[in-house]
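1. Sequence and predicted structure are below.
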Amino acid sequence: MGFFSKLFGALKKTKEGIGSKLRQLFARDKIGDDFYEDLEDVLISSDISVTTAEEIVENLHDRMIKEKQADKDVVLQALKDEIVACLDNAGDFELEYPAVIMVIGVNGVGKTTSIGKMAHLFTEQKKTVTIAAADTFRAAAADQLEIWAERAKVRIVKSVEGSDPSAVVFDALSSVKSKKTDVLIIDTAGRLHTKSNLMEELKKMSRVVAREYPEAHFYKLIALDATTGQNALSQVEVFDEAVGIDGIILTKLDGTAKGGFIVSLCNELCVPVAYVGTGEKIEDVDNFDKEAFVDAIFD
């Protein structure tokens, strides 16, 4: 099954929300000023922020006036273009090798599951992968990660529960350098973005990576639960301020009707979506495709 097909299924709830409302909107006899006012309301109700919704509608309206267009098909395509433009504001996430990926985020967003899926994705791309179990805080976290490592058929570096996460990172870096591994994925403990001591721990691990493996391409990816919608923006802001965020791993997209928040997140915070989870199976993750995302919502 291709990415579009999987994404189409994962966005079912989002489609049912925004898609049905848009179909009603475009079923009108003509497109006038009231259409654009109602379009803004539809976008906001789909968890696109007020700021981004206003920007999309204003740009669309101005463009259609300039082009003297009121054809529904033309307006619909132009709307898609405006949404893709918002996603483009974040740029593209591109991975270079050797890569060190540190996965961070709050509790319960699906970091460990995402790491297992990403490891499988990289092996499918013929890359060598090692996972570092640097969540030494949560009971049995390393055991859970080891199950995913076995499923993905990749190596894992771990230590005893309660040990220093930075020491685990150090050991993993030594291992991947000696074996010339393509990708190291570091699991970290879930932490509330309000806990300064835990944020300092992330900074320490980042310093270890920068010091011990400066030639690697270091990426800090935040895992976000798509069901939280607009509330995820504050998480990105705080983690980005603490350690700098290079991209987003979007989880549980199939469980939400709030997929629209991705548009405002990319537009306003300029952090790209790197990977998206589209289901529960190990193969249900892929690189994010902006055009496919927009097409899947509107299809």
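-> Thanks, I have it.

2. downstream neighbour of the longest strand along the chain in the secondary structure list?
-> Counting by DSSP state E, the longest strand found in the chain is strand 217-225. The element immediately downstream of strand 217-225 (helix or strand, assigned by DSSP states H and E) is helix 232-243.

3. What residues of stretch 139-156 count as buried?
-> The neighbour-count check on stretch 139-156 (16 or more other C-beta atoms under 10 Å) flags Ala141, Ala142, Gln144, Leu145, Glu146, Trp148, Ala149, Ala152, Val154, Arg155, Ile156 as buried. Glycine gets a C-beta too; all of them are placed from N, C-alpha and C.

4. which residues of the chain fall in strands?
-> Under DSSP E, the chain gives strands at 99-104, 129-133, 155-157, 183-187, 217-225, 247-251, 273-277, 285-287.

5. Now these in JSON lines, please, with extra columns for mean pLDDT and distance to Val169.
-> Shown next, in JSON lines, are those (pLDDT from 0 to 100; distance: least, C-beta to C-beta, whole Å):
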{"stretch": "strand 99-104", "mean pLDDT": "97", "distance to Val169": "8"}
{"stretch": "strand 129-133", "mean pLDDT": "97", "distance to Val169": "6"}
{"stretch": "strand 155-157", "mean pLDDT": "97", "distance to Val169": "9"}
{"stretch": "strand 183-187", "mean pLDDT": "98", "distance to Val169": "6"}
{"stretch": "strand 217-225", "mean pLDDT": "96", "distance to Val169": "11"}
{"stretch": "strand 247-251", "mean pLDDT": "94", "distance to Val169": "19"}
{"stretch": "strand 273-277", "mean pLDDT": "92", "distance to Val169": "20"}
{"stretch": "strand 285-287", "mean pLDDT": "90", "distance to Val169": "23"}
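
6. hang on, the earlier thing: list the helices and strands the longest strand of the chain packs on?
-> strand 99-104, helix 196-212, helix 232-243, strand 247-251, strand 273-277 (3 or more C-beta pairs under 8 Å, 6 or more residues apart in numbering; DSSP states H and E).

7. If we use 10 Å, what do you get?
-> Helices and strands touching strand 217-225, by 3 or more C-beta pairs under 10 Å, 6 or more residues apart in numbering; DSSP states H and E, are strand 99-104, helix 111-124, strand 183-187, helix 196-212, helix 232-243, strand 247-251, helix 261-269, strand 273-277.

8. so what strands line up beside that strand?
-> The pairing partners recorded for strand 217-225 under DSSP bridges are strand 99-104 (parallel), strand 247-251 (parallel).

9. Could you dump these into a markdown table with mean neighbour count added?
-> Output for the strands paired with strand 217-225, formatted as a markdown table (neighbours: other C-beta atoms under 10 Å):
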| stretch | mean neighbour count |
| --- | --- |
| strand 99-104 | 24 |
| strand 247-251 | 25 |
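
10. buried sites along stretch 46-58?
-> Buried-residue list, stretch 46-58, by 16+ other C-beta under 10 Å: Ser46, Asp47, Ile48, Ser49, Thr52, Ala53, Glu55, Ile56, Val57.

11. With just CA atoms, put it into PDB.
-> Once non-C-alpha atoms are left out, stretch 46-58 reads as follows in PDB (Å, rounded to 0.1, in the frame of the first residue of the first chain):
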ATOM      1  CA  SER A  46     -11.000  21.900  11.500                       C
ATOM      2  CA  ASP A  47      -8.400  23.000  14.000                       C
ATOM      3  CA  ILE A  48      -6.500  25.400  11.800                       C
ATOM      4  CA  SER A  49      -5.700  28.400  13.900                       C
ATOM      5  CA  VAL A  50      -7.500  31.700  13.500                       C
ATOM      6  CA  THR A  51      -4.300  33.400  12.300                       C
ATOM      7  CA  THR A  52      -3.500  30.800   9.600                       C
ATOM      8  CA  ALA A  53      -7.200  30.500   8.500                       C
ATOM      9  CA  GLU A  54      -7.400  34.200   8.000                       C
ATOM     10  CA  GLU A  55      -4.200  34.200   6.000                       C
ATOM     11  CA  ILE A  56      -5.300  31.400   3.800                       C
ATOM     12  CA  VAL A  57      -8.700  33.000   3.000                       C
ATOM     13  CA  GLU A  58      -7.300  36.500   2.500                       C
END
